[in-house]
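**Q** Mind looking at a prediction? Sequence and model below.
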Amino acid sequence: MITIFEFLKKKPDKKEKQAPEQNSEPGQEQKGAEQAQPGQAFAPGKPGFEVSGQQSTPSQNQQDSGQGQQKAPSPGQAQQGHSQAQEQKGQNDTIPGSIKELESKVKATFKNSSDMVITTIKTVHGEALIVFVDGMTDKDLIDRDIVRPLRSPQFDGDVSNAISSVYNISEKYSKSVEDVLDGNVAVYFEGEGKAWIVEFKNWMQRSVEEPSAESVIRGPKEGFTENLRTNTALIRRKLKTPDLVFESMTLGKVTNTDICVAYIDGIVNTVILEELRRRLSKIDADAILETGYIEQYIEENTYSPVSGIGMTQKPDVVAGRLLEGRVAILCDGSPHVLTIPELFIENIQTSE
């Protein structure tokens, strides 16, 4: 009678006896090794390789590999498609020579908004198109320096000589749209394919007054406003040096907010300046409406009670910190100016 222990003891001997029989066929060992690799379900160029009971032939392998190559475009095709997209974008950014076509394009761009003024003017040498935002420009200056000279019988067809003001020329349609939204006037003339950008900005703004949060008994009583150029002028009045630099940039994919980075060349800490430029270039947001947005994007430690970024509404304070080698950030639409870096002791100091 065979016990259970003797049966288990004899079972490995049976496998050992069967092993030489399996190893006696060399083709089966190679076949089993190939089937054991899941990543090699298809081996091109190997006739006789079986997948799911079917034998793959070299012609089938070449056909399958050709289909795989068609799915993935070559680098040359990808580069050609990218160049075609850039060429199409460049064509859409050109200014049409026809005033009717240009007028339709401008109306489609601004979605027939009610605050947009799109006017066609007939002259003795063709038609002109004037585009500006109502409420952001001075209409009296537009009528005096643009409309009247173009309608004059002495107009010789040269818009550059007709405009009685300082202007810039833009050959890109997108750039002219940005200038119009910034409060400028765009003048297009038939057959020219370019725009004359005249700066006639005029909108209601708050006057310079003392900030209530930083009122002082002794010292300047003036404070920043919501106008970026007014704020830069207030700083320039304090620091009458050519080394004072204002670097302009635009942040916000939708708002397109104008930003200024102010510093004094030769005094500024270049390490801090380069790090600030790097952090500002990484901001990818739809809206930047105030310097508080920028502060949250560039601060080192979000949850720290001390951010290391100072804030003030007084031009004299900004001027003093710039003279210490710091950097200031001004934002259009905000009277608050950021200064970097901020010392910890400044959090418990008063204005006096």
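**A** Perfect, I can see it now. Numbering: from 1, shown residues only.
**Q** Enumerate the positions of stretch 179-199 that are buried.
**A** Neighbour-count burial for stretch 179-199, with 16 or more other C-beta atoms under 10 Å as criterion, is recorded at 179-180, 182-190, 192, 194-199. Every residue, glycine included, has its C-beta placed from N, CA and C.
**Q** for the stretch 101-250 of the chain, what spans make up the strands?
**A** 116-123, 126-133, 167-170, 185-189, 195-198, 244-251 (DSSP state E, counting those that start in this stretch).
**Q** Excluding its own residues, what touches the last one? List them.
**A** Translated: strand 244-251. Contact with strand 244-251 is made by 232, 235-236, 256-265, 280, 283, 285, 288, 294, 322, 330, as judged by C-beta atoms under 8 Å, 6 or more residues apart in numbering.
**Q** 6 Å instead, please
**A** For strand 244-251, the external contacting residues (C-beta atoms under 6 Å, 6 or more residues apart in numbering) are 232, 256-257, 259-265, 283, 288.
**Q** Same check on the second one?
**A** For strand 126-133, contacts defined as C-beta under 6 Å, 6+ apart pick out 99, 102-103, 106, 115, 117-121, 150, 180, 185-190.
**Q** now that strand and strand 185-189, what's the angle there?
**A** Per axes from the mean of the first three to the mean of the last three C-alpha atoms, to 10 degrees, the angle that strand 126-133 makes with strand 185-189 is 160 degrees.
**Q** Would you mark the buried spots in strand 126-133?
**A** Under the neighbour-count criterion of 16+ other C-beta under 10 Å, strand 126-133 has 127-133 buried.
**Q** starting at the chain centroid, how far to it?
**A** Averaging C-alpha positions (C-alpha atoms, centre = their mean, to the nearest Å) puts strand 126-133 29 Å from its chain's average.
**Q** where are the low-confidence patches of the stretch 201-350 of the chain?
**A** Counting by pLDDT under 70, not a single residue of the stretch 201-350 of the chain qualifies.
**Q** picking that back up, what subset of the contacts of strand 244-251 is buried?
**A** Looking at the contacts of strand 244-251 with 16+ other C-beta under 10 Å, the buried ones turn out to be 232, 257, 259-264, 283, 288.
**Q** Name the residues that touch stretch 176-190?
**A** With C-beta under 6 Å, 6+ apart, stretch 176-190 has contacts from 99, 102, 126-132, 136-137, 142, 159, 170, 195-201.
**Q** hmm, back to that, which of the buried residues of strand 126-133 sits closest to H336?
**A** Within the buried residues of strand 126-133, the smallest distance to H336 is 25.9 Å, found for V133 (C-beta to C-beta).
**Q** what is that closest one paired to in the beta sheet?
**A** As for beta bridges, V133 partners with M116 under DSSP bridges.
**Q** re the thing from before, out of the buried residues of strand 126-133, name the two that are farthest from one another.
**A** Once C-beta to C-beta is applied, the buried residues of strand 126-133 give E127 and V133 as the farthest pair, at 21.5 Å.
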